[in-house]
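*Asks:* Sequence first, then the predicted structure:
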Amino acid sequence: MSGNFSFSDLNLKDTEISKGSNMLAPGKYKCDTKEAEWKTTANGGKQIVVTFTDVGGGGSIKSWLTVFNPTSPDATRIGREQLKAVLVYGGHPTPDDIGSSGLGSLNDLTVGVAVKEDTYTDRNGNPKKGSAVHYFFDHDKEVGASITNETSDDLSDSIPF
């Protein structure tokens, strides 16, 4: 690239639109599951990373569902309970036997996702605020089809997810 670049030289024909970070804010959402991935953790555990995308176009959020943690039976139990909630509330045809259904069967389910405010420390040690998945629910039974970004007092309890 030459050092002489002007605005008139700018052409975006071969440039894709950025997926950017449009993370869901705290609230309750009706979401579709996308991009389920199988990951190995640093301690040899296994997680399913699922992206939940708001059907109303409000953004998306990821959840790391630990299905095996060799050092923590509690983490394994909680992660499996979370996964089962996604499967049952999302209408998966075989929620008790997901292993035989394949990882791809996690995509395109529709489930209620409660998002809470989360605090974390960035790479430079600075405290930051963000969002985290709090729990999953049946979007049709709990709130109905018009769920997008409905805040709720029950998002403020301290149960970690």
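*Replies:* Received the coordinates, thanks.

*Asks:* I'd like the average pLDDT over stretch 112-123.
*Replies:* For stretch 112-123, the mean pLDDT works out to 92.

*Asks:* Buried residues in that stretch, which are they?
*Replies:* 112-116 (16 or more other C-beta atoms under 10 Å). C-beta: built from backbone N, CA, C; applies to glycine.

*Asks:* Identify the residues contacting the helix ranked longest in the chain?
*Replies:* Counting residues, the longest helix found in the chain (DSSP state H) is helix 73-89. Helix 73-89 has contacts (C-beta atoms under 8 Å, 6 or more residues apart in numbering) with 33, 45, 47-48, 50, 63, 65-69, 92, 95, 98, 106, 109, 111-112, 135-139, 161.

*Asks:* From these, keep the buried residues only.
*Replies:* 33, 45, 47-48, 50, 63, 65-67, 69, 92, 95, 98, 106, 109, 111-112, 135-137, 139, 161.

*Asks:* from those residues, which ones fall inside strands?
*Replies:* 33, 47-48, 50, 63, 65-67, 111-112, 135-137 (DSSP state E).
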